[in-house]
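> coords below, sequence missing:
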């Protein structure tokens with residue numbers, strides 16, 4: 001009987017500027033096959049491929065590929081299909097390359113001469129892996145995205161390269177098998193379903209089209225965000241790991257006074273990663289944690305608890321009681337998490353599921369928290385799991401099935417607290433797309449700059465338009481106070497200030513709420529609540545990398561809100577998206593002395609001069 005082997009599909013790239021098509025390649029131990037039908041010394045492999053335009057979506061094509069072996073058996077090592085090269089129109093081609101490494105680099109990158117990035121979606125470093133299964137390249141006249149339409153994250157590579165001294169940028173999808181497989185005579189190598197999408201604009205359009213197709217055809221369902229998910233956040237992380245209960249309690253009145261709605265109790269309450277009962281700083285145990293949430297609730301606030309699941313420190317009780325819970329590599333060694341000095345727990349083990357349910361009962365019922373801040377770059381992906389408790393026929397299914405763990409966490413959490421806010425922070429990673437359906441609040445996830453906050457906001461708005469996006473601690477933005485980045489892009493604001501003093505036992509900071517910081521916070525809190533941009537609709541009217549200054553637009557109620565960002569700008573701005581037949585009133589709503597003036601939809605240009613940012617509200621007269 002002929003057998004069918006599921007395999008990877010590699011899609012072509014196509015842009016408006018006449019790309020050069022590469023040759024298909026099938027890598028076998030016997031030969032590198034680069035043209036089909038391939039015949040040589042008893043080898044005979046043919047390729048079948050269908051390219052189907054998606055009805056109603058201009059520029060989107062679904063590509064399904066199979067290789068059929070008509071000759072003697074061959075050992076397949078991997079392959080590459082439909083490589084494309086585009087002619088660079090300038091010294092920079094902009095790209096979305098959403099893979100994850102310990103560099104925690106930008107998802108959106110300029111590609112210049114000499115650039116290469118592999119973009120492997122499996123584990124690239126200890127702790128770091130996963131991402132979004134597509135890459136996108138664009139120039140001024142448009143771009144092209146390639147990727148996979150699969151129900152799980154496949155461990156593919158999506159290399160992007162501009163060779164030194166060359167004039168072209170190449171991209172493709174690649175797959176290298178962990179071990180060669182035999183393709184016997186008559187066998188069919190069936191490829192994963194891939195896509196090619198030619199588009200105008202930037203990565204927003206590619207991500208939006210990708211995600212809409214996944215939701216319509218691949219069973220992806222995004223969760224609606226709770227109204228509470230858009231409320232401002234104060235996090236106790238400013239006090240660090242050695243925080244004491246009185247530090248949190250002593251800050252609550254100021255937190256409520258300033259208008260925050262959420263209090264995040266962060267890392268430091270637990271005995272260790274894996275042993276999540278309270279440590280010596282909470283001698284009353286469960287009663288102390290319940291006292292914290294009671295005090296939070298008395299002030300009309302809600303409480304979220306930090307938690308790093310799927311991690312356990314060596315020597316912890318859970319590992320002594322259930323050593324089978326550990327994720328085992330091919331060498332039968334535990335997979336190590338460098339950041340936490342912990343070991344991975346198997347995300348597909350029933351033992352992990354039972355342990356997690358018990359923890360959630362403690363967090364949400366016994367301690368009475370209202371939501372979860374789930375944290376850690378290790379949550380984005382894992383290695384293949386060879387452990388017995390994983391019970392997998394194919395250990396590589398572990399990283400593919402990892403998001404189902406978060407599905408169980410989300411469902412269990414919402415069963416306990418139907419209005420719970422569930423956030424997953426894959427610190428510094430390009431988010432695993434398949435985790436998105438199992439959260440109702442995204443986060444900028446430890447941004448290294450204000451620019452990262454903005455580019456991630458645009459990406460999440462494309463993939464899940466109704467999902468609340470938390471801009472993370474304001475202290476992580478440029479200057480530690482870039483509220484204009486958070487508010488102007490429609491992000492939820494947050495901070496980790498300490499009050500009245502910093503924690504003397506914590507060596508980071510200072511995070512003390514000084515009178516100057518408080519004055520600035522009060523100003524921006526008023527703006528945040530008055531305009532409510534976090535609940536607005538993100539409009540993609542400007543192209544990242546080619547429109548200057550960087551621009552974002554939010555539609556909220558009956559107004560359009562424009563946000564422009566540059567170190568310094570002096571010139572003409574075009575306000576896109578206006579009705580040519582209407583007249584508008586423009587207000588510099590974030591200025592200390594707001595200026596109001598008229599703008600005509602038939603000539604939507606204004607001359608401005610600013611440093612760092614310029615925020616503008618427009619309403620029809």
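Everything's here; your move. All figures in this text were calculated on a predicted structure; none of them were measured in a lab.
> how many residues are close by residue 224?
11 (other C-beta atoms under 10 Å). Yep, even glycine has a C-beta here, placed from its N, CA and C like the rest.
> isn't it up against residue 468?
No. Look at residue 224 against residue 468 with C-beta atoms under 8 Å: they stay out of range, at 9.6 Å.
> need the overlap of contacts for the two.
In terms of C-beta atoms under 8 Å, 6 or more residues apart in numbering, residue 224 and residue 468 are both contacted by the residues residue 440.
> where do the helices of the stretch 401-550 of the chain begin and end?
450-463, 483-488, 515-531 (DSSP state H, counting those that start in this stretch).
> do the chain as well
203-217, 245-258, 286-298, 317-321, 350-361, 397-416, 450-463, 483-488, 515-531 (DSSP state H).
> and residue 84, which of these is closest to it?
helix 203-217 (14.9 Å; C-beta to C-beta).
> how far is the closest one from where the chain is centred?
14 Å (C-alpha atoms, centre = their mean, to the nearest Å).
> just to revisit the earlier point, deepest of the helices of the stretch 401-550 of the chain, which one?
With neighbours taken as mean count of other C-beta atoms under 10 Å, those reach their highest mean count in helix 483-488, at a mean of 25.
> hang on, the earlier thing: nearest to residue 166, of the helices of the chain?
Here helix 203-217 is closest among these (C-beta to C-beta), at 23.3 Å.
> low-confidence regions, the stretch 451-600 of the chain specifically.
Along the stretch 451-600 of the chain, segments meeting pLDDT under 70 are nowhere present.
> could you check the pLDDT of the nearest residue to residue 535 once chain neighbours are set aside?
What sits nearest to residue 535 in space, not counting adjacent residues and going by C-beta to C-beta, 6 or more residues apart in numbering, is residue 230, at 5.3 Å. Listed pLDDT for residue 230 reads 98.
> residues near residue 230, how many?
What residue 230 shows, counting by other C-beta under 10 Å, is a neighbour count of 21.
> just confirm it contacts residue 533, I think it does.
No. Applying C-beta under 8 Å as the test, residue 230 and residue 533 come out as separate, 9.6 Å apart.
> picking up where we left off before, TSV for the helices of the stretch 401-550 of the chain, including distance to residue 30?
Converted to TSV, those look like this (distance: least, C-beta to C-beta, whole Å):
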stretch	distance to residue 30
helix 450-463	42
helix 483-488	55
helix 515-531	64
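> and of the ones you listed, who's closest to residue 607?
Here helix 483-488 is closest among the helices of the stretch 401-550 of the chain (C-beta to C-beta), at 19.9 Å.
> give me the contacts around the closest one.
Under C-beta under 8 Å, 6+ apart, the answer for helix 483-488 is 450, 453-454, 471, 474, 477-478, 491-494, 520-521, 524, 527-528, 531, 533, 552, 554, 561, 563, 565, 590, 612-613, 615.
> that one: how far from the chain's middle?
19 Å.
> same check on stretch 591-600?
The answer for stretch 591-600 is 35 Å, by C-alpha atoms, centre = their mean.
> the closest residue to residue 170 other than its chain neighbours - how many residues pack around it?
The spatial neighbour of residue 170 that comes closest, neighbours along the chain excluded (C-beta to C-beta, 6+ apart), is residue 85 at 4.6 Å. By other C-beta under 10 Å, 20 other residues sit near residue 85.
> residues touching residue 76, list them.
7, 26, 27, 28, 177, 180, 181, 182, 183, 189.
> which strand residues bridge it?
residue 28, residue 181 (DSSP bridges).
> again, but for residue 123
In beta-bridge terms (that is, DSSP bridges), residue 123 pairs with residue 129.
> residue ranges with poor pLDDT in the protein?
Along the chain, segments meeting pLDDT under 70 span 1-22, 82.
> and it, what are its domains?
Per automatic domain parsing, the structural domains of the chain span 4-217, 227-316+352-382+420-444+491-513, 539-620.
> which one of those lies closest to residue 341?
With C-beta to C-beta as the measure, domain 227-316+352-382+420-444+491-513 is the member of those nearest residue 341 (6.4 Å).
> so how far does the closest one reach from one end to the other?
28 Å (C-alpha to C-alpha, to the nearest Å).
> starting at the chain centroid, how far to that domain?
Distance, centroid of domain 227-316+352-382+420-444+491-513 to centroid of chain: 20 Å (C-alpha atoms, centre = their mean).
> what's the answer for stretch 119-138, then?
That offset, for stretch 119-138, works out to 11 Å (C-alpha atoms, centre = their mean).
> tell me which of the domains of the chain lies nearest to residue 393.
Among the domains of the chain, domain 4-217 comes nearest to residue 393, with 13.2 Å by C-beta to C-beta.
> quick revisit: among the contacts of residue 76, which ones are buried?
7, 26, 27, 28, 183, 189 (16 or more other C-beta atoms under 10 Å).
> for residue 123, see how far away the fifth one is.
Yep, that's residue 183 we're talking about. Going from residue 183 to residue 123 by C-beta to C-beta, to the nearest Å gives 27 Å.
> again, but for residue 198
Plainly put, residue 198 is 32 Å away from residue 123 if you go by C-beta to C-beta.
> and these two? which has more neighbours close in?
A count of neighbours by other C-beta under 10 Å puts residue 123 above the other of residue 198 and residue 123, at 21 against 18.
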